[in-house]
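**Student:** Sequence plus predicted model, see below.
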Amino acid sequence: MKKSEDALSLEAAELLEVFQWSCSDTVCEGKQDKIKEELADVLCYCILMADRCGLDMDEIVQVKMKRNGEKYPVEKARDSAKKYDEL
Ligand SMILES: [Mg+2]
């Protein structure tokens, strides 16, 4: 049996494969069922990993979003793909 870390990586690759050749990461039309399936796989492995590490998913996401907001202030980062140290 694969380790959950390997499985997470493989499922993320399956999700990305849905968008391969679409020339965009936002084209979802006609792919909703496959996206739902693969996204659910990724989320399940993330939840499993968090559970095994004793982490609260809501808490770690909120902490990360707060940190991102500090690193990427809206007035500097809106419509920009620059890394925080380039803003
Ligand atoms: Mg899958």
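**Tutor:** Yep, that arrived.
**Student:** residues in this structure within reach of the ion, list them.
**Tutor:** By the rule Cβ under 5 Å from the ion, the part of the chain lying against the ion is 11, 14, 38, 41. (C-beta placed from N, C-alpha, C; glycine too.)
**Student:** Go through the longest helix seen in the chain and flag the buried ones.
**Tutor:** What stands out as the longest helix in the chain, according to DSSP state H, is helix 32-52. Within helix 32-52, the residues scored as buried using 16 or more other Cβ atoms under 10 Å are 38, 41-42, 45, 50.
**Student:** hang on, the earlier thing: and the residues of the chain next to the ion as JSON lines, adding pLDDT?
**Tutor:** Listed next are the residues of the chain next to the ion as JSON lines, based on pLDDT from 0 to 100:
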{"residue": "11", "pLDDT": "95"}
{"residue": "14", "pLDDT": "95"}
{"residue": "38", "pLDDT": "96"}
{"residue": "41", "pLDDT": "97"}
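**Student:** sorry, back to before: and the buried residues of helix 32-52, which is closest to residue 71?
**Tutor:** Nearest to residue 71 out of the buried residues of helix 32-52 is residue 50 (Cβ to Cβ; 22.3 Å).
**Student:** what about the closest residue to the closest one other than its chain neighbours, neighbour count?
**Tutor:** Leaving aside its sequence neighbours, residue 50 sits nearest to residue 57 (Cβ to Cβ, 6 or more residues apart in numbering; 5.0 Å). Residue neighbour count, defined by other Cβ atoms under 10 Å, stands at 13 for residue 57.
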